[in-house]
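Chemist: make a model of this:
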Amino acid sequence: MQNVFKIIWVLSCMLLTLHANEKVYKLKMATTWGPTLSPLIDAANNMATMAEKLSNGQLQIRIDTANKHKAPLGILDMVKAGQYDMGHSASYYWKGKDINTLPFTSMPFGLTSPEQYAWFYHGGGLELMQKVYDKHQVYSFPGGSTGVQMGGWFRQEIKTLDDLKGLKMRIPGFAGEIMARLGVQVTNIAPGELYTALDTNSIDALEWVGPSMDITMGFHKIAPFYYTGWHEPASEMHFIINQKAYKKLPKHLQDVLVVSMRLAAYDMYIQNYDMNANAWEKMKKEFPNITVKTFPKPIMDAMKKVNEALIEEMTQENALLKEVLDSQKAYQKKVRVWTQMSDYLYLKDNL
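Modeler: Below you'll find the model as predicted:
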């Protein structure tokens, strides 16, 4: 396989030297992330570096991080308006603007990352995603997954549904709506304020990402119960591109851009996997009191029931959202059989 990539690289370099003296195209990209938020910002940086190398310098992408443009959740609006040519963010940040974008990041109890990538590239997911984004005049592509996100850090063990009632928790998005219906006092707090909120008892629990990104936040120093995930089994970031800006690129540079985004997305997924493993090893060693828990079955059943009810409500008068979610559901039913036969049974019998 490595030889194949070497051959592709050599051929690409040979072909692209034909364009070495041609016009240089410069694009501007805004990200939701700050300059140090690995691995999310790494996906954007790696993509830009790769695009410049593969194009022999003909395609150059300048990245403005959130600390510069000051609108971390406004990426879609800025790219749509042409203020930026490209963006790197997560589609569920725009659910208040367009609920149809929500499923392309992750859905509770939905597809895992390998399953979701298969759906995107071989199950019609990309086509449905573009159908949603066309009205925003942007193209959207997978931009890197954090995989299964953990269910959160809790001060106290959650044994029953009653333990959730009145609990103050930071958990945004669709999962927050589910928790709210189970009696949780849901809040959304800026990342920089999360540790203080937990430390001062302003909140009792919070959900962030996983060991790779949680370790620097220090939540494990305060809340020892670390619950496994259910709400974001495949949190996919996204590259979005203004359609007019994309169409101005020559065909070979369009191809370079698409290939660079696809490779950078997979790079982020495996980078984050490694970061999770290393971070968890360090956290567990330094804080042996951390207890990994899974929500009891009655709680999980209640979450699933609320999830289904919310989806039914959302799709009653939204044919496009129903089309997307029905496609994911059908693909999950098919692919999960293989996931269980392969990954699940292998792990079950070898742990």
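
Chemist: number of residues surrounding A51?
Modeler: Other residues within reach of A51, judged by other C-beta atoms under 10 Å, total 24. All C-beta spots, glycine's among them, are computed from the backbone N, C-alpha and C.

Chemist: quick one: contacts for the nearest residue to it once chain neighbours are set aside?
Modeler: Nearest residue to A51, sequence neighbours excluded (C-beta to C-beta, 6 or more residues apart in numbering): S260, at 4.1 Å. By C-beta atoms under 8 Å, 6 or more residues apart in numbering, the contact set of S260 is M47, A48, M50, A51, L54.

Chemist: so which of these wins on neighbours?
Modeler: In the contacts of S260, the most neighbours by other C-beta under 10 Å go to M47, 29 neighbours.

Chemist: and W338, how close does it get to S106?
Modeler: 20 Å (C-beta to C-beta, to the nearest Å).

Chemist: neighbour count: these two, which is higher?
Modeler: Neighbours per residue (other C-beta under 10 Å) separate W338 from S106, with S106 holding more: 29 against 13.

Chemist: what number of residues lie near Y331?
Modeler: By other C-beta under 10 Å, 21 other residues sit near Y331.

Chemist: correction: the previous question concerned L320.
Modeler: Counted by other C-beta under 10 Å, the residues lying close to L320 total 15.

Chemist: didn't it look like it was pressed against D98?
Modeler: No: with contacts counted by C-beta atoms under 8 Å, L320 stays clear of D98, the gap being 9.7 Å.

Chemist: what's the overlap in contacts for these two?
Modeler: V132.

Chemist: which residues in this structure form strands?
Modeler: Remark: strands assigned in the chain by DSSP state E are 25-31, 59-64, 86-89, 138-145, 152-154, 168-170, 185-187, 205-206, 225-227, 236-242, 291-293.

Chemist: between those, which gets nearest to I270?
Modeler: strand 138-145 (9.7 Å; C-beta to C-beta).

Chemist: pairing partners for the closest one, with directions?
Modeler: strand 236-242 (antiparallel) (DSSP bridges).
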